[in-house]
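Student: sequence first, then the predicted structure:
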Amino acid sequence: MATLPEKRVNFNPKLHISHTGGELSTDAGLVLVKELMAQLNFTTLAYQLIHFDDQRHYARYSNVSLLEQVVLQLIAGYPADLAATSLRNDPTFKLLLAQPQLASQPSLSRFWQRCDEQTITSLQTLNQALLDQAWTGAKQQQLILDIDSTHADTHGHQEKTAFNAHYGTTGYHPLVAFDGQTGHCLKAQLRPGNVYTSTDIAPFITPLLQHYHQVKPNADILVRGDSGFATPELYETCEANDTFYLIRLKANRRLNQLAERFVQISDEQNWTETEVHYYRASYQARSWPKPRQIYIKSTRPAGELLFQHEYLVSNLTSFVAEDAFQAYHQRGQMENYIKEAKAGFYLDKMTSSQFIPNYARMMLSVLAYNLVSLMRQLLPAQHQRLQVTTLRLWLFKVAGKLVTSGRQLYLKLSRHHVYQDLFYQLLARIQALQWG
């Protein structure tokens, strides 16, 4: 029989430390996540929608159970499959997954091998189904769809990995779309590392536009993107789907010449103060079949002689130029969404040598991210911007003990939990939800 280590500390020689406290859990707060999943019919939808290439004749764990285990582990902050070994008998995880014992690391490794391209498509469908419940029940009449690309480092000879000159490293180049108002991740696509930013943007965004126009026909949709998406393919896709767009343009000689025509310098010019001017104009690049409206922001820093120009192209003809730039700059919040998806939910963790398992890992990170994002909307207004690291500390990482008495189960949480008032407030709001 293995002997558990016992340690003493210098600050109090009488104190002995060992992991012999019994069947305690440090993740008892995950009951909030499971309760939200139940309100969303997560398990039922997963069984209905997700396809796996499963050739097993006997299965101790269903694929949906394994999926839920991975999602809960990600939300709890355990990115590695190996964590399942330590969590295998954790009372909270066993309770939430309704299993006598969690799946082991080898079981999770085999799970990823049962994912194929159809699995990826069905995971996107599940993600959309979860978000639709919140979207259709909300009063939101405008969708701001922020698109961007990011980078996921790889190590070794992983399938479809490649060097990306922009990031200066080897990896994958995912394409992502977020709701600019709520922060929900609407869609993600894993791509080889050497593709350009806007590669596959039309087939990526077209189903999203068509879907949301169908879900809420009267809602306005605005697509925002940086200069990496300044391509006629995107403009034409938005125009064909009755969608507004606001895209940054890269400066070039013709645009600079156009902007300089608006610059006026008087004899009373105060060169010691910064100047900012806004204009709108019609412009047609050589690759465009027709002219489009652009917005120009001209800035002359204090003490400088020359103006610096920024450009946006848009089919929002009712905007004044200053409002157009203000609306575009709000897109900067998307960088925070991407950072949290990567740092908090391990969106960029690519540990398999194969492309599809890595793609599936990314999609489960998206599901974990969105469950927390939906939960965050139920918090009091002053807490709705909390990052997942704080939510783990305040609400999920709670000491608990599961007690069975007759036919009842009691999850007894630490009476010294500092944020227990917020915990029960959130639980009540989850249980009061009426989706769609």
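Tutor: On my side now, so go ahead.

Student: which stretches of the stretch 151-300 of the chain form helices?
Tutor: 201-215, 232-240, 253-260 (DSSP state H, counting those that start in this stretch).

Student: right, and those - which one's nearest Leu379?
Tutor: helix 201-215 (25.1 Å; CB to CB). Yep, even glycine has a C-beta here, placed from its N, CA and C like the rest.

Student: quick one: the closest one to chain centroid distance?
Tutor: Centroid displacement of helix 201-215 relative to its chain, using CA atoms, centre = their mean, to the nearest Å, is 18 Å.

Student: which strands and helices sit next to the helix or strand hosting Met37?
Tutor: In the assignment (DSSP states H and E), Met37 maps to helix 31-39. Applying 3 or more CB pairs under 8 Å, 6 or more residues apart in numbering; DSSP states H and E, we find helix 31-39 packed against helix 63-76, helix 91-97, helix 355-376, helix 420-431.

Student: mind saving the C-alpha coords of the shortest one as PDB?
Tutor: By that I understand helix 91-97. The C-alpha atoms that make up helix 91-97 are tabulated as PDB, following Å, rounded to 0.1, in the frame of the first residue of the first chain:
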ATOM      1  CA  PRO A  91     -16.900  13.600  -5.900                       C
ATOM      2  CA  THR A  92     -18.000  16.700  -7.800                       C
ATOM      3  CA  PHE A  93     -17.000  15.500 -11.300                       C
ATOM      4  CA  LYS A  94     -18.500  12.000 -10.600                       C
ATOM      5  CA  LEU A  95     -21.700  13.700  -9.500                       C
ATOM      6  CA  LEU A  96     -22.000  16.000 -12.500                       C
ATOM      7  CA  LEU A  97     -21.200  13.300 -15.000                       C
END
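
Student: any idea of the pLDDT on the residue lying closest to Thr272 once chain neighbours are set aside?
Tutor: Closest residue to Thr272 apart from its sequence neighbours, by CB to CB, 6 or more residues apart in numbering: Ala302 at 5.7 Å. Confidence at Ala302, expressed as pLDDT, is 88.

Student: show me the contacts for Ala302.
Tutor: Trp271, Thr272, Glu273, Thr274 (CB atoms under 8 Å, 6 or more residues apart in numbering).

Student: what do you get for Ser287?
Tutor: So Ser287 contacts Pro232 (CB under 8 Å, 6+ apart).

Student: what does it show for phi and psi?
Tutor: Phi and psi for Ser287, reported as degrees, to the nearest 10, are phi -90, psi 0.

Student: quickly note the distance from it to Thr231.
Tutor: Distance from Ser287 to Thr231, counting by CB to CB, to the nearest Å: 8 Å.
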